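**Q** output the structure for:
(one chain, ligands or ions: 1)
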Amino acid sequence: MENVVIIGSGCAGWTAALYTARANLKPLLITGEQPGGLLTTTSVVENFPGFPEGVDGYELMTRMQAQAERFGTRTKLGSLVQNVDFSKRPFVVTVDGEKIEAKTIIIATGAGHRHLGLKSEDLLEKKGVTYCATCDGALPMFRNQPLVVVGGGDSACEEASYLTRFASVVYLIHRRDSLRASKIMADRTLANPKIKPVWDSVVTEVLDVKQEKVTGVRVKNLKTNAESVIDCAGVFVAIGHVPNTKLFQPFINTDENGYIIRTNGAATNVHGVFVAGDCSDHIYRQAITAAGMGCAAAIEAERLLASEA
Ligand code: NAP
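**A** Modelled structure (predicted):
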């Protein structure tokens, strides 16, 4: 029987692991298919305190893992939870066909990339449509080619700036006429001569499904309804995130967008199941706030177990 099973290996998960490990609870952390979470797909993280020069996202996560394991965290690497039963304690988590019983659970499954919802987008995924510039931007198919980034937030700005290293030009297509991104990111993006903003516009189709590779996008201007085609070799979609909570929804209350509702601190509606990070936070969504929530969930799990000892 496990004291604590932590599901997810982003900032929230590793911080929860660090704290529960230091409380001698010997936590078991299940990483999911993308160990380290979304931060491993960003480039430099400039806003995590303690790194004045910035830190590579992958390196930050590797360091968090090492720190958590140093104090006794056990890691199930690359494993995906297939099923959970939170109907009664002990809870049951099924991983790689194995049923694991746990006194407490910390859900830290984060959020995945939101899709545009176009059929052509799905058909051309990995054939020029991608959700991660740092993962795919350097591919030969994108070199010295015009590229498109969709979105107006910090992610879209970060992706667009990163892609200027490889692209001939980057079109930033945003559905409004001002960026949602933080001022520093927005200013940096708009000052970059290789980034051409396309305002008030949405992508209605990714071209060309027949050619089985991205050759362009069909774009509609929402103010004029005019349609046009922008030639490009790649489409980088950066329009926000969707929380990874489907698996828990039979037991755990979420809001209408799927974010887990915290009833008090890090607690959920199920006594003994706690939550931390982006799967429960649509407001701050920062590495540092996710880490803070991981700490809170760990302390609450520890206190519950101590009260039952
Ligand atoms: P976000 O802030 O939610 O921005 C999503 C963008 O996509 C918005 O501009 C939104 O338009 C647009 N959008 C949403 N749905 C769309 C759709 N169906 N079609 C077209 N456009 C759509 O998401 P994010 O940029 O991924 O950032 C998430 C969080 O991470 C934020 O808190 C951000 O500050 C943080 N972040 C920080 C950094 C950094 O500091 N280094 C880097 C990346 C992300 P509207 O503006 O019209 O809503």
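**Q** next up, the contacts around the closest residue to the ligand within the stretch 51-200 of the chain.
**A** Nearest residue of the stretch 51-200 of the chain to the ligand (C-beta to the nearest ligand atom) works out as residue 153 at 2.4 Å. All C-beta spots, glycine's among them, are computed from the backbone N, C-alpha and C. Applying C-beta atoms under 8 Å, 6 or more residues apart in numbering to residue 153 gives the contacts 179, 180, 181, 238, 239, 240.
**Q** and the first one, what element?
**A** Same thing as residue 179. Element membership for residue 179 (DSSP states H and E) is empty, with no helix or strand holding it.
**Q** would you mind listing what in this structure touches the ligand?
**A** 46-47, 116, 150-156, 158, 175-176, 180, 182, 202, 238-241, 285 (C-beta under 6 Å from any ligand atom).
**Q** taking those residues one by one, which sit in strands?
**A** Among the residues of the chain next to the ligand, DSSP state E puts 150, 202, 241 in strands.
**Q** who's in contact with the nearest residue to the second one once chain neighbours are set aside?
**A** With sequence-adjacent residues excluded and distances taken as C-beta to C-beta, 6 or more residues apart in numbering, residue 202 is closest to residue 175, at 5.2 Å. Listed by C-beta under 8 Å, 6+ apart, the contact partners of residue 175 are 152, 200, 201, 202, 222.
**Q** and the buried ones among the residues of the chain next to the ligand, selectable in ChimeraX?
**A** For the buried members of these, the matching ChimeraX selection, counting by 16 or more other C-beta atoms under 10 Å, is:
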select :116,150,151,152,153,154,155,156,158,180,202,238,239,240,241,285
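**Q** what residues are up against residue 17?
**A** Residue 17 makes contacts with 6, 27, 29, 68, 73, 294, 298, as judged by C-beta under 8 Å, 6+ apart.
**Q** if we go to 10 Å?
**A** Going by C-beta atoms under 10 Å, 6 or more residues apart in numbering, residue 17 touches 4, 6, 8-9, 25, 27-29, 64-65, 67-69, 71-75, 106, 108, 294, 298.
**Q** the stretch 151-300 of the chain: helices as residue ranges?
**A** For the stretch 151-300 of the chain, applying DSSP state H, counting those that start in this stretch gives helices covering 154-163, 183-190, 287-308.
**Q** run through the stretch 201-309 of the chain and note the low-pLDDT ranges.
**A** For the stretch 201-309 of the chain, no stretch is flagged by pLDDT under 70.
**Q** check the burial of residue 213 by counting its neighbours.
**A** Applying other C-beta atoms under 10 Å, we find 15 residues neighbouring residue 213.
**Q** wait, it sits on residue 125?
**A** No - Residue 213 is beyond contact range of residue 125, at 11.5 Å (criterion: C-beta atoms under 10 Å).
**Q** any idea how far residue 278 is from the residue nearest to residue 2 when sequence neighbours are not counted?
**A** With C-beta to C-beta, 6+ apart as the criterion, residue 2 has its nearest non-adjacent residue at 4.3 Å, and that residue is residue 102. For residue 102, the distance to residue 278 (C-beta to C-beta, to the nearest Å) stands at 22 Å.
**Q** more neighbours: which of those two?
**A** The neighbour comparison of residue 102 against residue 278 (other C-beta under 10 Å) goes to residue 278, with 28 against 25.
**Q** does the more buried one touch residue 284 like I think?
**A** Yes - look at residue 278 against residue 284 with C-beta under 10 Å: they come within range, at 9.0 Å.
**Q** now do the shared contacts for the two.
**A** 290, 293.
**Q** tell me if residue 5 really is in a helix.
**A** No - in this structure, residue 5 is strand, not part of a helix, as judged by DSSP: H, G, I helix; E, B strand; the rest coil.
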